[in-house]
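Structure for the following, please:
(2 chains)
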Amino acid sequence: MSAAALPGTGQPTKAASRPAFDRALLLAIPATLFMLLLFVYPFLYGLWLSFVPAKGGPLANYHTFFTTSDLWPTIGTTLKLALPATVINVGVALPIAFRMRVRGRWQRIVTTLLVVPITLGTVLIAEGMLNYFGPKGWLSHALQLVHFYDGPIRLTHNYWGVLISLVISGFPFAFLLILSYVTGIDPVLARAAATLGAGSFAQFRHIYLPLLAPGLAMCFCLAFVQAFSVFPSAVLVGAPAGPTRVISIAAYQAAFEQYDYSLASAIAMIMGFVQLVIVAAVLGLRGFFYRGPVAGGKG
Amino acid sequence: MRHDFRELKLERVTRRFAGAGGHAFAALDELTMTIRRGEFVALLGPSGCGKSTALNCIAGLLSLSGGAICLDELRIDTLPPEKRGFGMVFQNYALFPHMTVERNVGFGLRMRGVPAAEIAPRVARALALVQLGAQAAKLPGQLSGGQQQRVAIARAIVIEPPLVLMDEPLSNLDAKLRIETRAEIRRIHGELGRATIYVTHDQDEALSLADRIVVMRDGVVQQIGSPQQIYAQPANLHVARFMGYRNVLELDVAGVTGDRVELAGGPMRIVGTLRQALGGRRAAVAIRPEELVVGAPDIVANAVRGRVTGVEYGGRDSLIEVTLDGGVRLLVRSDARAARGDAIALSIPPERALVYPA
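Numbering: from 1, shown residues only, chains lettered A, B, ... in the order given. Here you go, the predicted structure:
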C-alpha cells in the first residue's frame, strides 16, 4: 500500500522530466472520434441553434421559455416527478441491497428478478401498468372484491402513474448499482466493528454508510438524470396535457408540432442545465465524505 | 460486558461447516481447555487446521455447532460479538479507512457510550502504548503496514477487554518488523495483564510469545503444553513434524526395554525414546536436524554412515543433506564444514530420537 503511493522514487536518474508518449493512448482515438461526432458536435450545434431563433434577438428563445405559462412550469413538473422517484429508488434500494450483501441464493434470485424490468423498457412497462393499475385493471378489481376500497382507483393517466413507472424502471438500476458498491466493502470491517461493540445498525451507520456515501451520490445522479428525461411514460401513463407535462414533452411539441427547432434546442439546453445543477449539487456534497479505498488494510 | 475475569472455559467447542455434497465436516472438533487470567495462549497449526475457526467462535463471529464457552460463570457463546466485549486484531488489520487513527482507536469507546472527555485521554494512552502518538490525525491509508497493525492492536486494547484475540497479526509484515512487533505484543500483553489468544502458523512466533501452545490439526487438538514441552516432547508424529522434526524414518521394532526402543531397518540400528504406545511391528523415529551430531564415533550404537549429497549454507551453520548407505536421506544442521561427496558419520543421541507408532 505504501509502496504503491510512492511510484518511481527509487531511480531519479532514469525518470525523464517528460514521460515518453504512451502509444496505448492511440487506442482511445476511435472512442474520442465517436464522442466528438455523436455527442459533442450535436450538442454544440443545438447550443448554437438555440441562439438563432426565427424572430427576435439571440436570447429570444430563452425569454420565450421563461415568460410562457405552459413552458417554464415544466421544470417544476419534471422535478416534482424526478426528485421523489430518485429518492424512492435510492432510498429503498439501499436497505435491500444492504440486506442482500452476502452472496447467496437470495442475492441471485432477487438480482435476476430485478434485471427483467430493465430489459423490458418503459413502453412495455406502461402497457402492463395500464392493464394492471387502470380503473378496470386487476388491482382495482381485486381491491373491490375484498371490499378494501370500493371506488375505482386511479393510478394511471395522472401523476402517480408516471411516478410508479419511474420507480419500476429506475429501481432495479439503482439496486444493482448500490449492490455492487455494498459488496465492494470488506465485510471484515463490519466484523471488526462488531467486536468493538457495534450492533448491526451501528455497523451500518458508522461503517457502511460513510463508505457508501460517494457511491450513493453517484447512483443518485445517474438515477436522477434518467428520471428527469422521462418521456414515454409521461405520455402513456401520465396526463401529458396537464400534471405530467414534463419538459421533454415541451421540447417535443416545440420541435415536431410547431416545427420550431430553435426553441426546442433552447428547451433541451435548459433541461441539460437543470440536470447539471442538481448533479453538481449532489457531487459537491460528496466532497464532505471520505473518498478512498474501502478495504481495511493489506488484503 | 466485563473487564476482568478469572478464567475462560471452552467446553467441547465444535463448529461444523457444510462441505462438498452436503456432508458436514467439523472445522473445529470438541476443543476443551481453560484459559486463565494473565495467560498468553497460542493456537498453532498449518492452514486449515481450525485455529482461526476457534478464534472466531470465541469472538462470536461464528456460531457454535456444539459445546459451550463460559467466562467465569457467565455463558457467552449465545451472545453476539458486540455483547462479548473481546478485543480482536485481524490478519488484514480491518482498520476503518474513513476514520483517522484517533477515531479508529476511539471507536470501541464511543460504541460503549464512554463520555467524550474520557475517550481522548484513553485513546492517547493506547496510542502511546503502541508508540503511535504522533500519527493520531492520519488516515490508515497513510500508514505503513507495521503502523497499521499497531493501530489495530491499540484499537483492540483500548476497550480494556478481558481477552485479546489475535488472528495471525504479523503475517503481513516483513521479517524484521515481525520480530520487533512480536516483542511489542508480548510487552503489551504484560502491561494489560489480561489474557491473549494468538493464532499463528509460525512455530517460532508461538514458541517465543506463548505461555501455552495448543497444536491443532484437522480441527482436532493434538497437544496442549508449554513451549518447552511442545518443542522437546511432541505428543505425536504430526506435532513432531510440524515442530521441525524433519527426519522421520519408518523402521521395524526390534525390541523394547522400558521407554527405550530399538529399531532396525537394513544395516541401520537406532535406539530411540518411546513417546507414544506402539501398536504394531513398525514404528517411526523423528529427529531434529540440529540434534544429529556429525562425527562423534564414541556413540557406536546409534551411528550411521553416508555421503553428503547437498549443502544449504545458512550463515552460522549449514543444512547438510546426507544420503545413508541404505539410500535413506537425513538432514543435519551443523557448523561442521562439509562438501558434496564427502563421506560422513552421524550419531543420534537416543534421548533425542523420538519413537511414535508408524
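
Chain B against chain A: which residues are in contact?
Within chain B, the positions near chain A by Cβ under 8 Å from any Cβ of the partner chain are B:1, B:59-61, B:80-82, B:84-88, B:90, B:92-98, B:107-108, B:111-112, B:139-141, B:143-145, B:148, B:152, B:155-156, B:159, B:165, B:172. All C-beta spots, glycine's among them, are computed from the backbone N, C-alpha and C.

Wait, a helix at residue B:310?
No - when DSSP: H, G, I helix; E, B strand; the rest coil is applied, residue B:310 is found to be strand, with no helix at that position.

do you know how far it is from residue B:57?
Distance, residue B:310 to residue B:57, using Cβ to Cβ, to the nearest Å: 44 Å.

Those two: which has the busier surroundings?
Between residue B:310 and residue B:57, counted using other Cβ atoms under 10 Å in any protein chain shown, residue B:57 has the larger neighbour count: 24 against 14.

shaky segments in the stretch 151-300 of chain B?
B:296-300 (pLDDT under 70).

What strands flank the host helix or strand of residue B:321, and is each parallel or antiparallel?
Following DSSP states H and E, one finds residue B:321 within strand B:318-324. Strands that pair with strand B:318-324, judged by DSSP bridges, come out as strand B:303-313 (antiparallel), strand B:329-334 (antiparallel).

could you redo these as CSV and give each row mean pLDDT?
Below are the strands paired with strand B:318-324 laid out as CSV (pLDDT from 0 to 100):
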stretch, mean pLDDT
strand B:303-313, 89
strand B:329-334, 91
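
Just name the most buried of those.
Burial of these is given as mean neighbour count (mean count of other Cβ atoms under 10 Å in any protein chain shown); strand B:329-334 ranks first at a mean of 19.

hmm, back to that, ChimeraX command for the buried members of the residues of chain B next to chain A?
With 16 or more other Cβ atoms under 10 Å in any protein chain shown as the criterion, this ChimeraX line picks the buried residues out of the residues of chain B next to chain A:
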select /B:59,60,61,81,82,84,85,86,87,88,90,92,93,94,95,96,97,98,107,108,111,139,140,141,143,145,148,152,155,156,159,165,172
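
Narrow the residues of chain B next to chain A to those in strands?
B:87, B:88, B:165 (DSSP state E).

pretty sure the first one is touching residue B:161, no?
Yes - with the criterion set as Cβ atoms under 8 Å, residue B:87 and residue B:161 qualify as a contacting pair; they are 3.9 Å apart.

rewinding a little: okay, the ones in strands among the residues of chain B next to chain A in TSV with distance to residue A:57 next?
Formatted as TSV, these follow (distance: Cβ to Cβ, whole Å):
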residue	distance to residue A:57
B:87	73
B:88	71
B:165	76
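
sorry, back to before: run through who's touching the strand holding residue B:321.
B:268, B:289, B:294, B:304-312, B:329-336, B:338, B:344, B:346 (Cβ atoms under 8 Å, 6 or more residues apart in numbering or on different chains).

Could you pull up the mean pLDDT of stretch A:270-280?
For stretch A:270-280, mean pLDDT rounds to 94.

Check the gap between residue A:77 and chain B for me.
Distance, residue A:77 to chain B, by Cβ to the nearest Cβ, to the nearest Å: 39 Å.

Need the pLDDT of that residue.
Value for residue A:77, per-residue pLDDT: 92.

Just the C-alphas of the lengthiest helix in chain B, formatted as PDB.
Scanning chain B for the longest helix, with DSSP state H as the assignment, gives helix B:175-192. Taking C-alpha atoms only, helix B:175-192 is exported to PDB below (Å, rounded to 0.1, in the frame of the first residue of the first chain):
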ATOM      1  CA  ALA B 175      10.700 -10.400   8.800                       C
ATOM      2  CA  LYS B 176      12.400  -7.700  10.700                       C
ATOM      3  CA  LEU B 177       9.200  -5.900  11.600                       C
ATOM      4  CA  ARG B 178       7.600  -9.200  12.600                       C
ATOM      5  CA  ILE B 179      10.300  -9.800  15.300                       C
ATOM      6  CA  GLU B 180      10.000  -6.200  16.600                       C
ATOM      7  CA  THR B 181       6.200  -6.300  16.700                       C
ATOM      8  CA  ARG B 182       6.300  -9.700  18.300                       C
ATOM      9  CA  ALA B 183       8.300  -8.200  21.300                       C
ATOM     10  CA  GLU B 184       5.900  -5.400  21.400                       C
ATOM     11  CA  ILE B 185       2.900  -7.700  21.600                       C
ATOM     12  CA  ARG B 186       4.400  -9.600  24.400                       C
ATOM     13  CA  ARG B 187       5.200  -6.300  26.300                       C
ATOM     14  CA  ILE B 188       1.600  -5.000  25.800                       C
ATOM     15  CA  HIS B 189       0.200  -8.400  27.000                       C
ATOM     16  CA  GLY B 190       2.300  -8.000  30.100                       C
ATOM     17  CA  GLU B 191       1.200  -4.400  30.700                       C
ATOM     18  CA  LEU B 192      -2.500  -5.200  30.300                       C
END
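
Quick one: residues in contact with that helix.
Residues outside helix B:175-192 that contact it (Cβ under 8 Å, 6+ apart) are B:40, B:129-131, B:145-146, B:149-150, B:153, B:157, B:160, B:164, B:166, B:169-170, B:173, B:196, B:198, B:205, B:208-209.

Give the buried residues for that helix.
For helix B:175-192, a neighbour-count test (16+ other Cβ under 10 Å) marks B:177, B:178, B:181, B:182, B:184, B:185, B:188, B:189, B:192 as buried.

I'd like the distance between residue B:161 and residue B:283.
In terms of Cβ to Cβ, residue B:161 sits 46 Å off from residue B:283.

cool, and residue A:250?
Taken as Cβ to Cβ, the span from residue A:250 to residue B:283 is 94 Å.
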